[in-house]
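[1] got a sequence here, can you build the structure:
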Amino acid sequence: MPGVKLLRTYGFSFLLIASIATGLLIGRIAPQLAQAIRPIGDLFLNLIFMLIVPLTFFTISSSIAAAGSSQRLSRVSSVMLCVFLGTSLVASVLSLLFMLLVNPAPSAGADSLLLAKGMAALPTAPSLLPQLVATFTTADFPDLLSRKSMLPLMLFSVAVGLAARAAKGEGEPLTRVLQSGAAVFLRLVDYVMYLAPVGLLAWFAATVVDTGAQLASAYLTSFIVYYAFSALYFVVCFSLYAYLAGRTAAVRTFWSHMLQPSLTALGTCSSMATMPVNLEAAAKMGVPQDVRDVVIPVGAVLHKDGSVIGGVLKVLFAMSLFHQTLTPGRLLLVIGVAILVGVVMGAIPSGGMMGELLILSAFGFPPETLPLLAIISILIDPMATLLNATGDNVAAMLVTRLTAAQPVVGNGA
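    Model prediction:
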């Protein structure tokens, strides 16, 4: 029966929607209860985050170690980076045009909005070479075992996979261990997701209590514009990318498996927490394992269209505060800085702060501007995470299309 099939396919997703709606209601009408159940939401997220490091290591290293050919792996990686850069460029240009049209920035001058000097210490921006070292490496092996060091962990995982491939017969036992580890941790993720309805309910309830008072009038217009454009980008551009990956059939396949990743992204505000769900959804979309096991984990760090759009908003917001003129050169700088904020800074620990420091440095804004931009980051975080996380799935479909030279075909539910 159609109703039974629909319930079997989307029943868990409907349950998540009901849980999130209940959490929003509790946070609104019973803030004390929301604070009381906060630890349940923290428990759910902690369990997800506990699995992120081993899941990333095993999926990336096993995929590379067991790849059919080094030529295929190299092609997947190069095409992946081109897709990431291409979608980021599209996001930055379209959002810039949209925001110039609707003018979301405040009309008031900076003097009326800047926080008093000395309220918070501004961290000193490190020089380039030390920052690069800190971005791509850690001081000790145990430091790799943290989601705060995801880029070094990914590079280490790639190196282990390549070394296992290069060892050939001697590396086959390790390859089997890596493949087994990937399967085991994906199964553990399934177990943890049984807690998702209760965990997301508690998390959303507490989030409403935390952020409700921050929707100040000075940011309301920017909030509305960001969410309006991001919703359009989510539906229109992601559909276009899916169409390029496999025509109309790929569009249907993509959207039929996007509900659970979308809800997870909105509920956790974490691309990393959404990564396990994305891996499962990408498999159902017909993305081959050697593609999804590289594109999804790497994309969780480097592919952040939502952050790119947020970078454009922050720059225009600050430029309006200080009455800076938008010359053609500055428009190009806005696009370049936004891409750096979304793509490069996403790989750096405390990357959001580093991205905002980059904006201050590139445009000469005073240090007191930093808290203003940080508030924007808080307000746009759920929608930005939705684009950041779910965009990895459509990127994986595009990489599949470009490397396999054939349309993407889903594998069903």
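
[2] how about the strands in the stretch 151-300 of the chain?
    In the stretch 151-300 of the chain, no strands are found when defined by DSSP state E, counting those that start in this stretch.

[3] pLDDT weak spots in it?
    151, 210-219 (pLDDT under 70).

[4] go with 80
    151, 154, 203-204, 207-221, 267-273, 290 (pLDDT under 80).

[5] and the helices in it?
    172-193, 196-211, 217-232, 238-256, 259-268, 271-284, 289-302 (DSSP state H, counting those that start in this stretch).

[6] off-centre distance for the shortest one?
    What separates the centre of helix 259-268 from the centre of its chain is 11 Å, taken as Cα atoms, centre = their mean, to the nearest Å.

[7] rewinding a little: tabulate the helices of the stretch 151-300 of the chain (JSON lines), appending mean neighbour count.
    The C-beta positions use only the backbone N, C-alpha and C, and glycine is treated the same way. Formatted as JSON lines, the helices of the stretch 151-300 of the chain follow (neighbours: other Cβ atoms under 10 Å):
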{"stretch": "helix 172-193", "mean neighbour count": "16"}
{"stretch": "helix 196-211", "mean neighbour count": "22"}
{"stretch": "helix 217-232", "mean neighbour count": "17"}
{"stretch": "helix 238-256", "mean neighbour count": "19"}
{"stretch": "helix 259-268", "mean neighbour count": "23"}
{"stretch": "helix 271-284", "mean neighbour count": "24"}
{"stretch": "helix 289-302", "mean neighbour count": "25"}
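
[8] which helix or which strand is home to F14?
    Using DSSP states H and E, F14 maps to helix 2-29.

[9] identify the residues contacting the following helix or strand past that helix?
    With elements assigned by DSSP H and E, the helix or strand that comes after helix 2-29 is helix 31-36. Applying Cβ atoms under 8 Å, 6 or more residues apart in numbering, the external contacts of helix 31-36 come out as 23, 26-27, 202, 205-206, 208-209.

[10] same check on stretch 166-176?
    With Cβ under 8 Å, 6+ apart, stretch 166-176 has contacts from 62, 65-66, 163-165.

[11] quick check, L402 in contact with V79.
    Yes: in this structure, L402 is within contact of V79 by Cβ atoms under 8 Å, at 4.8 Å.

[12] how about F12: what's its closest non-neighbour residue?
    Q260 (7.0 Å; Cβ to Cβ, 6 or more residues apart in numbering).

[13] who's in contact with that neighbour?
    12-13, 16, 277, 281.

[14] re the thing from before, tell me which of the helices of the stretch 151-300 of the chain sits nearest to L153.
    helix 289-302 (9.3 Å; Cβ to Cβ).

[15] next SSE after the closest one?
    helix 305-321.

[16] before we move on, back to that, distance of the residue nearest to F12 relative to L15?
    10 Å (Cβ to Cβ, to the nearest Å).

[17] how about G391?
    Counting by Cβ to Cβ, the gap from G391 to L15 is 25 Å.

[18] again, but for A396
    Taken as Cβ to Cβ, the span from A396 to L15 is 26 Å.

[19] tell me which of the two has more neighbours.
    A396 (32 against 14; other Cβ atoms under 10 Å).

[20] tell me what angle the helix or strand that contains the more buried one forms with helix 305-321.
    Secondary structure assigned from DSSP H and E places A396 in helix 369-404. Following axes from the mean of the first three to the mean of the last three Cα atoms, to 10 degrees, one obtains 150 degrees for the angle between helix 369-404 and helix 305-321.

[21] relative to helix 259-268, how tilted is helix 369-404?
    160 degrees.

[22] now stretch 99-110: average pLDDT?
    Taken as a whole, stretch 99-110 has an average pLDDT of 63.

[23] going forward can the numbers begin at 749, since that is how I track them
    OK, 749 is where the count begins now, so the last one is stretch 847-858.

[24] just to revisit the earlier point, helices or strands next to the helix holding A1144 in the packing?
    helix 818-850, helix 965-980, helix 986-1004, helix 1007-1016, helix 1019-1032, helix 1037-1050, helix 1053-1069, helix 1099-1111 (3 or more Cβ pairs under 8 Å, 6 or more residues apart in numbering; DSSP states H and E).

[25] can I get the CA coordinates of the second one in PDB?
    It refers to helix 965-980. Below are the C-alpha coordinates for helix 965-980, written out as PDB (Å, rounded to 0.1, in the frame of the first residue of the first chain):
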ATOM      1  CA  SER A 965      16.300  44.700  15.300                       C
ATOM      2  CA  ALA A 966      19.700  45.700  13.800                       C
ATOM      3  CA  TYR A 967      20.100  42.200  12.400                       C
ATOM      4  CA  LEU A 968      16.600  41.200  11.500                       C
ATOM      5  CA  THR A 969      16.800  42.400   7.900                       C
ATOM      6  CA  SER A 970      20.100  40.600   7.400                       C
ATOM      7  CA  PHE A 971      18.600  37.500   9.000                       C
ATOM      8  CA  ILE A 972      15.600  37.500   6.600                       C
ATOM      9  CA  VAL A 973      17.700  38.200   3.500                       C
ATOM     10  CA  TYR A 974      20.200  35.400   4.300                       C
ATOM     11  CA  TYR A 975      17.500  32.800   4.900                       C
ATOM     12  CA  ALA A 976      15.500  33.900   1.900                       C
ATOM     13  CA  PHE A 977      18.500  33.700  -0.500                       C
ATOM     14  CA  SER A 978      19.800  30.500   1.100                       C
ATOM     15  CA  ALA A 979      16.400  28.800   0.700                       C
ATOM     16  CA  LEU A 980      16.400  29.700  -3.000                       C
END
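
[26] which strands and helices sit next to it?
    helix 818-850, helix 1053-1069, helix 1117-1152.

[27] any idea which of those helices is most buried?
    Ranked by mean neighbour count under mean count of other Cβ atoms under 10 Å, the helices and strands packed on helix 965-980 are led by helix 1053-1069, which reaches a mean of 26.
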